[in-house]
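Student: task: produce atomic coordinates for the following.
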Amino acid sequence: LGELTFVALDLSESPFAEWSGRPALLRAVLRPYLADPDANRTRQKLVSLGYDDLAGALRQRLGRSFAGVAVISFPWVALLVIGYLLLLGPLDYWFVERVTGRPWVAWLTLPVIVLATSLGAAVLAGAAKTADGERINQAELVDFDLTTGRTRGTCWATLYSPQAERFDVALVPRLPDGRPAEDSQSLVSWLGLPGSGLGGMHSAGEPIDVAGVGYRAATNLSELSGLPVLTASTKSLFARWDRIQASGVAPPLAAELAVEDDGLLVGTLTNNTGVPLAGTCLLYGQWGYRLGDLRPGQRLEIGPQLSAIRVKTIVTRRARRATASERDTFSADRATANELLNVMMFYVAAGGDSFAGLPNRYQADCDLSRLLELDRAILVAGGVNRGSQWTDAAGQSFGRAQDESTTIYRFIIPVDHGPPTTDN
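Tutor: Down below sits the predicted model:
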């Protein structure tokens, strides 16, 4: 599902020592390590809210709202604070001096106002919380390598709890048809906020440990035990799972693809997942195809009858579905989880930092742009089921069916050079 390139060269020996292009090569190699990070960080602060990476944008998006949880906006908070100050000052003074005419009454009205407003704030805050359990928003990216039979899942989630509680958290990986991914291995962790904003991992101030308690990780790192979440607060989670498909089992996608002299694909695709695949597109090299929805068992012919579109065009349009115009710039602050995943999984193909406005350092292994140039085609599809399941120690799942969930599948397909093989 990726590549590892290692090159060892002694640039002080011949022929590099005498090469006229040696200074330019050294500049190209060392530029990422000698760039001024402060200059780039200043610009990123203007386009983000406390984070400096796409992973932070996805983390913030998943924790922005939850089903059944009312959010009290800042204008309402400011209005209530102004009302409290008016009640505590001018209105109280008018009542004591003009209505009662007895200054000593202020000793009674002041505690009454403070207690009444505190009680009202507590009732209002309680009404905004969900009373029927936890909520969890998640986004998942699942890759199927049809060459090796390997499946890799990457899952981000934010858990909301209406009450202060400790949780045992684990992930049950699931396949597109909803079945558990047997014999899979999972790694579960909390997810920090990359950036120098409030609560960021790069913040200059001392971290504030409100809970003051720790938690444990399982020996195989597949579970977190005693993870604390405060009242009406959230905890961001991250998980990675892997699975090797058993021999003799049919792959979730049957594909026979070849590339012609013009760089376009020909062949067939068959959906063997057992469920519909929504909004599919097929990418290879510089070109791609929009295929629409694929029904279970549907066989699709790839050839000249399909209109080829630039990969960059397909990727950027999938990342700007919510914008009013194609000319609008991508904004990580306003993007949905689906749009953010579409940028992260083809970051370089979309244009990198010039398109996203943020780097993709912390989840760079999700970017499979390079595979498009290495004789691999990638079918991208949206899932119809919720995806992997977050559970507690007893196996009970968190959240409800109405919680936000985004699942995207990528099928990495080998491509032959020459006409595809066909069954007789």
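
Student: the stretch 201-350 of the chain: strands as residue ranges?
Tutor: 216-217, 223-229, 233-244, 253-259, 265-271, 277-284, 287-294, 299-302, 309-310 (DSSP state E, counting those that start in this stretch).

Student: and those as CSV, adding mean neighbour count?
Tutor: Yep, even glycine has a C-beta here, placed from its N, CA and C like the rest. Putting the strands of the stretch 201-350 of the chain into CSV (neighbours: other C-beta atoms under 10 Å) gives the following:
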stretch, mean neighbour count
strand 216-217, 13
strand 223-229, 18
strand 233-244, 20
strand 253-259, 19
strand 265-271, 21
strand 277-284, 22
strand 287-294, 18
strand 299-302, 16
strand 309-310, 14
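
Student: residues touching the nearest residue to residue 307 once chain neighbours are set aside, list them.
Tutor: Distances taken as C-beta to C-beta, 6 or more residues apart in numbering put residue 289 closest to residue 307, at 7.3 Å, once the chain neighbours are dropped. Residues in contact with residue 289 (C-beta atoms under 8 Å, 6 or more residues apart in numbering) are 265, 281-282, 302, 306-309.

Student: likewise residue 318?
Tutor: Applying C-beta under 8 Å, 6+ apart, the residues contacting residue 318 are 281, 339, 342, 380.

Student: what do you get for residue 287?
Tutor: Shown in contact with residue 287 (C-beta under 8 Å, 6+ apart): 263-265, 308-311.

Student: please name the nearest non-neighbouring residue to the residue nearest in space to the middle of the chain.
Tutor: Nearest residue to the geometric centre of the chain (C-alpha atoms, centre = their mean): residue 58, 3.9 Å. With C-beta to C-beta, 6+ apart as the criterion, residue 58 has its nearest non-adjacent residue at 4.8 Å, and that residue is residue 340.

Student: from memory that neighbour sits against residue 60, does it?
Tutor: No: with contacts counted by C-beta atoms under 8 Å, residue 340 stays clear of residue 60, the gap being 9.8 Å.

Student: got the contact list for stretch 146-155?
Tutor: 1, 138-145, 171, 173, 175, 181, 184, 237-245, 247, 251, 253, 255, 363, 366, 387-388, 411-414.

Student: is it true that residue 350 touches residue 312?
Tutor: Yes: Residue 350 is in contact with residue 312 according to C-beta under 8 Å; the separation is 6.5 Å.

Student: more neighbours: these two, which one.
Tutor: residue 350 (25 against 17; other C-beta atoms under 10 Å).

Student: ok, back up a step: mind giving me the ChimeraX command for buried ones among the contacts of stretch 146-155?
Tutor: Burial among those is assessed by 16 or more other C-beta atoms under 10 Å; the matching ChimeraX selection reads:
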select :1,138,139,140,141,142,143,144,145,171,173,175,181,184,237,238,239,240,241,242,243,245,251,253,255,363,366,387,388,411,412,413
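
Student: picking up where we left off before, now, the most widely separated pair of the contacts of residue 318?
Tutor: 281 and 339 (14.5 Å; C-beta to C-beta).

Student: what about stretch 274-293, how long is it end to end?
Tutor: 13 Å (C-alpha to C-alpha, to the nearest Å).

Student: repeat for stretch 11-25
Tutor: End-to-end distance for stretch 11-25: 10 Å, by C-alpha to C-alpha.

Student: contacts for that stretch?
Tutor: 9-10, 26.

Student: dump these to CSV, plus distance to residue 399.
Tutor: Below are these laid out as CSV (distance: C-beta to C-beta, whole Å):
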residue, distance to residue 399
9, 52
10, 56
26, 52
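
Student: in helices only, show me these.
Tutor: residue 26 (DSSP state H).

Student: report the contact partners of residue 338.
Tutor: With contacts defined as C-beta under 8 Å, 6+ apart, residue 338 is in contact with 139, 321, 382, 406, 408.

Student: same question for residue 252.
Tutor: 144, 175-176, 272-273, 411.

Student: go again with 10 Å.
Tutor: Counting by C-beta atoms under 10 Å, 6 or more residues apart in numbering, residue 252 makes contact with 142, 144, 146, 151, 175-177, 245, 271-275, 277, 409, 411.

Student: next one: residue 411
Tutor: Contacts of residue 411 by C-beta under 10 Å, 6+ apart are 142-146, 251-253, 255, 269, 271, 273, 277, 280, 282, 377-381.

Student: please apply the same query to residue 401.
Tutor: 67, 386.

Student: where's it, which helix or strand?
Tutor: Using DSSP states H and E, residue 401 sits within no helix or strand.

Student: for it, report the pLDDT, please.
Tutor: On the pLDDT scale, residue 401 is placed at 75.

Student: mind checking how far it is from residue 379?
Tutor: According to C-beta to C-beta, to the nearest Å, residue 401 and residue 379 sit 27 Å apart.

Student: also residue 27?
Tutor: 39 Å.

Student: which one of those two has more residues nearby?
Tutor: More crowded of residue 27 and residue 379, by other C-beta under 10 Å: residue 379, with 27 against 10.
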